[in-house]
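> Pasted the sequence and its predicted model underneath.
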Amino acid sequence: MSIISDNPFIYGDPVSPEQFVNRQREVRKLVGRICTGQSSAVIGDPRSGKTSLLRYVQQPALYGDHASRLLFSYLDAQMLGTTFAPPHFWEYVLQPVSNLDRSTYPQVRTAYHTCQRESFGNFGLERLFAHLHQAGHCLVLLLDEFDNLLDNAAFHQAEFFGGLRSLASRSAGLVLVLASRQAPGDLNRKTEEFSRSGSPFFNIVSEITLKPFSQRATNELLARAGRDFIPADREFIIRLADGHPYFLQVAAGELWELREEADLTPEERRQSAGEALYHKAEDTLRDTWRLWQPEMQIAFAIIALNQSPALLGEREFNLQRLREKLADYTPETKQLAKRGYIRGSSDDGWRVTGEVMLWFVADTLVQALRADSELGTLFHAQCWDGMFTNEEREQFKDAVQSLRALLKDNVDNFVKVASLIKGG
């Protein structure tokens, strides 16, 4: 028997174009906008596949007759340190332009060197992109983890963000593709102090939200396991991850590694894979939770508390006041549904989709209760102070206490229950 066998489920790093699955609709829209000179913003939570999509759309084969005129430049904004200023930014992202042949594109090269001498000011950049367009080219600037630029003091200025907007909207020689965790409206709010006398900086980009995989795409991904997964295994993976690509890949990858463990029952293999998923995804879950606004956190926490007893085979908690409170968070529940974390349910309004996120929130609440029996520290840390009435707060605390008793301070109880799925 061969000891080495390639795991068909890849996680951790962005997937290569060869391993890319799903996202046909997003690819079509993004490629179409690039071909017509329109800027876009790819929006998704951590590990939703933003970087993989940016890698995929750089393939010339996607663009037909447009391919020869497009120059792609990719930058991960997480790489930028505090000493990396806008002139360094432009010198880096303009490398495809600076590499154009001097004899074939003399005006472009002259305009580039002028920009360089002028520290890449906006007027020089505008001339450069005009010459680039006249030469039959367009720079497609792919800015990954764009949120980091908003938190970098060296870039937190009207000249930079206003320049990006003006250059992309007024010049046919530049197309922006921003990959961000925050929607354009949120980006506008974070930079509104610089744009009070003009248009919001990011109203020129069209939002492309990365939603969870469809059932069809999920089945296509899990089919890579062939006969190594029985129906109960597939049901287990979908229950834990639903259509979230990273969680799908981790759960499937861990279960696939255990497929030949003869000393384990199918239920034990699933439990081990579920525990591994929670351990490996915890940082991503925490990062996602941290980025949510307090209102979104509260809405999800109420839905998770409402659903938890049923997952553990117990009677529901007393959450009447909190269920009524959900009506105050309609925009947040719509956003959670749009991003695939909850789904409408005929019996109780909403349910969490991929259970691993519910595990994380339940674990967070229970651990907070262990540290502070009144949950005051948690409410302050999450900026929830003043967002509950006294009665709502007591009901919330009682529900967390009940959940703690069910879990016995151990989120693995969720994993054990989920692993007992019986399939055909």
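Great, that's in hand.
> Could you use CA atoms for every contact and neighbour count after this?
Will do.
> Backbone dihedrals for Asp398, please?
phi -60, psi -40 (degrees, to the nearest 10).
> Spit out the contact partners of it.
Neighbour list for Asp398: empty [criterion: C-alpha atoms under 8 Å, 6 or more residues apart in numbering].
> ranges for the helices of the stretch 251-400 of the chain?
266-291, 294-311, 320-325, 330-338, 355-371, 376-381, 390-407 (DSSP state H, counting those that start in this stretch).
> any chance of the ones you listed in a markdown table, with mean pLDDT and distance to Gln249 too?
Converted to a markdown table, those look like this (pLDDT from 0 to 100; distance: least, C-alpha to C-alpha, whole Å):
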| stretch | mean pLDDT | distance to Gln249 |
| --- | --- | --- |
| helix 266-291 | 93 | 9 |
| helix 294-311 | 95 | 23 |
| helix 320-325 | 93 | 33 |
| helix 330-338 | 92 | 21 |
| helix 355-371 | 95 | 13 |
| helix 376-381 | 95 | 32 |
| helix 390-407 | 95 | 26 |
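> between those helices, which gets nearest to Leu221?
helix 266-291 (17.0 Å; C-alpha to C-alpha).
> Quick check: buried residues in the closest one?
266-278, 281-282, 284-285, 289 (16 or more other C-alpha atoms under 10 Å).
> can you check stretch 357-375 too?
Result for stretch 357-375 [16+ other C-alpha under 10 Å]: buried residues 357-363, 365-369, 375.
> mind putting the residues you listed in JSON lines, distance to Asp76 included?
Shown next, in JSON lines, are the buried residues of stretch 357-375 (distance: C-alpha to C-alpha, whole Å):
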{"residue": "Met357", "distance to Asp76": "27"}
{"residue": "Leu358", "distance to Asp76": "30"}
{"residue": "Trp359", "distance to Asp76": "31"}
{"residue": "Phe360", "distance to Asp76": "28"}
{"residue": "Val361", "distance to Asp76": "29"}
{"residue": "Ala362", "distance to Asp76": "33"}
{"residue": "Asp363", "distance to Asp76": "32"}
{"residue": "Leu365", "distance to Asp76": "34"}
{"residue": "Val366", "distance to Asp76": "36"}
{"residue": "Gln367", "distance to Asp76": "35"}
{"residue": "Ala368", "distance to Asp76": "35"}
{"residue": "Leu369", "distance to Asp76": "38"}
{"residue": "Leu375", "distance to Asp76": "38"}
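> Run through the stretch 101-250 of the chain and note the low-pLDDT ranges.
Across the stretch 101-250 of the chain, residues meeting the criterion (pLDDT under 70) sit at 195-198.
> Let's see that with 90 instead.
Within the stretch 101-250 of the chain, the segments meeting pLDDT under 90 span 102, 147-159, 161-162, 171, 182-203, 211, 225-228.
> from memory Ile303 sits against Arg351, does it?
Yes: between Ile303 and Arg351 there is a contact under C-alpha atoms under 8 Å: 6.4 Å.
> Now the terminal residues of stretch 33-42, how far apart.
Length of stretch 33-42, first residue to last, C-alpha to C-alpha, to the nearest Å: 12 Å.
> And for stretch 301-321?
Span of stretch 301-321 from end to end, C-alpha to C-alpha: 14 Å.
> Ok, stretch 186-205 next?
End-to-end distance (C-alpha to C-alpha), stretch 186-205: 13 Å.
> show me where the protein has strands.
For the chain, the strands defined by DSSP state E occupy 40-43, 70-76, 138-144, 174-180, 206-209, 342-345, 349-352.
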